[in-house]
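Colleague: this is a predicted model, with the sequence first.
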Amino acid sequence: MKGVRFSKVSKAFGDVSVLDGIDLEVQDGEFLVLVGPSGCGKSTLLRCVAGLENPTAGRLYIGDRDVTDVQPRERDVAMVFQSYALYPHMTVAENMGFALRIQNRDQGEIDQAVNEAADMLGLQALLQRMPKELSGGQRQRVAMGRAVVRRPKVFLFDEPLSNLDAALRSQLRVELKRLHRDLGATMIYVTHDQVEAMTLADRIAVLNHGHLQQLGSPIELYRNPANRFVAGFIGSPPMCFLEGIDEECVIGVRPTDVTIGEGPLVGTVDVVEPLGAQSYVHLSVGADRLVALADVPPPAGSKVGISLTQTLRFDPETGARMA
């Protein structure tokens with residue numbers, strides 16, 4: 001058992017509460033993604049696992065071991081940061097093998113571990129280069145390789161792709177997915193990027209104001225959100241909400257469930273965003289706003305009929321999902 005368990009974990013900085021009684025279990029070998037708005041506590045939760053922050057209350061377990069008060073170096077975790085944090089005076093191979101070298105491992109063992117990690121991440125041709133000779137994507141792969149070499153119980157990723165351009169992020173998402181498959185390791189990943197969360201995660205934990213809002217698979221959170229916050233946070237573009245149609249509830253609808261043509265609602269096309277084969281069509285329906293996905297979008301300013309093929313209902317006061 002090499003999973004991670006948070007038992008009523010809280011964290012405060014002075015009078016500011018960042019985490020409030022988090023109960024969460026990460027399964028052995030799972031890829032769990034933590035998402036939420038800035039300041040929700042997701043990075044703080046990750047840093048608690050690493051030992052870089054100490055919980056104000058609650059206990060933290062890696063496997064069956066209580067590591068709440070254990071020093072970071074004794075937790076057997078590896079963290080990959082947003083900044084690559086490579087030693088500029090060391091080659092790629094030296095950077096990747098550094099953690100094993102300070103453990104006084106045999107050089108043959110270090111070389112074997114570095115070569116295995118380099119094979120996984122396509123770094124063999126770069127092992128003798130210096131960090132300044134690498135692109136941003138290559139540096140991040142080296143940072144990942146440095147973690148792989150250690151073969152820790154848990155891998156921790158704190159927005160590792162946020163400094164890269166869209167093409168590199170897409171490429172490294174595939175490499176991360178492959179790495180998780182090959183290692184079968186427990187991975188906890190913090191991101192604000194919807195695509196990363198949906199494509200990488202076995203399960204997603206959604207945080208807001210230090211509270212766990214919902215835990216589930218990407219499709220479960222997308223189709224069956226527990227409350228209005230999760231519904232509006234998961235998905236790109238996010239779920240739209242109609243508040244003026246039914247006084248007893250707020251209606252939520254995904255852009256893929258909005259059909260333009262004949263329907264009981266009438267809206268005005270505000271803006272059309274071409275995406276290539278399809279377009280996002282932004283609509284005004286009275287005081288409410290909708291987004292639809294259309295193959296052939298109507299022109300801006302036109303009046304159109306609208307039908308909603310699937311909707312969810314939320315309590316207008318609490319935001320809770322209604323049956």
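Modeller: Good, I have the coordinates. Residues are numbered from 1 along each chain as shown.
Colleague: just the helices in this protein please.
Modeller: 42-50, 92-101, 107-121, 136-150, 166-183, 194-200, 218-223, 228-233 (DSSP state H).
Colleague: just for the stretch 51-200 of the chain, where's the confidence low?
Modeller: Within the stretch 51-200 of the chain, no range satisfies pLDDT under 70.
Colleague: mind listing what the residue nearest to Q82 when sequence neighbours are not counted touches?
Modeller: With C-beta to C-beta, 6 or more residues apart in numbering as the criterion, Q82 has its nearest non-adjacent residue at 4.6 Å, and that residue is E159. Heads up, the C-betas are built off the backbone N, CA and C, glycines and all. Residues in contact with E159 (C-beta atoms under 8 Å, 6 or more residues apart in numbering) are S43, Q82, V190, T191, H192.
Colleague: now with 10 Å, please.
Modeller: Neighbouring residues of E159 by C-beta atoms under 10 Å, 6 or more residues apart in numbering: 42-43, 46, 80-83, 189-193, 196.
Colleague: separate out the buried members of the residues you listed.
Modeller: K42, S43, L46, V80, Q82, Y189, V190, T191, D193, E196 (16 or more other C-beta atoms under 10 Å).
Colleague: so which of those comes closest to Q214?
Modeller: Proximity of the buried ones among the contacts of E159 to Q214 (C-beta to C-beta) peaks at K42, which lies at 13.7 Å.
Colleague: quick check: that closest one vs D246, distance?
Modeller: 34 Å (C-beta to C-beta, to the nearest Å).
Colleague: same deal with V49?
Modeller: 43 Å.
Colleague: could you do N54 as well?
Modeller: 47 Å.
Colleague: about what we covered before: L127 is nearest to which of the helices of the chain?
Modeller: With C-beta to C-beta, the closest approach to L127 among those belongs to helix 92-101: 4.2 Å.
Colleague: biggest strand in the protein by residues?
Modeller: strand 258-274 (DSSP state E).
Colleague: got a list of contacts for it?
Modeller: Outside strand 258-274, the residues that reach it (C-beta under 10 Å, 6+ apart) are 237, 240, 242, 245, 279-286, 288-311.
Colleague: mind checking how far it is from the chain centre?
Modeller: Counting by C-alpha atoms, centre = their mean, to the nearest Å, strand 258-274 is centred 31 Å from the centre of its parent chain.
Colleague: so what strands line up beside that strand?
Modeller: Sheet pairing of strand 258-274 (DSSP bridges) gives strand 279-285 (antiparallel), strand 303-308 (antiparallel).
Colleague: avg pLDDT for the first one?
Modeller: The predicted model assigns strand 279-285 a mean pLDDT of 95.
Colleague: list the buried residues of it.
Modeller: S279, Y280, V281, H282, L283, V285.
Colleague: can you check stretch 263-279 too?
Modeller: Neighbour-count burial for stretch 263-279, counted by 16+ other C-beta under 10 Å, picks out L265, G267, V269, S279.
Colleague: give me the distance between the closest residue in space to the second one that isn't next to it in sequence and S17.
Modeller: Right, G267. Closest residue to G267 apart from its sequence neighbours, by C-beta to C-beta, 6+ apart: L283 at 3.9 Å. Taking C-beta to C-beta as the measure, L283 falls 39 Å from S17.
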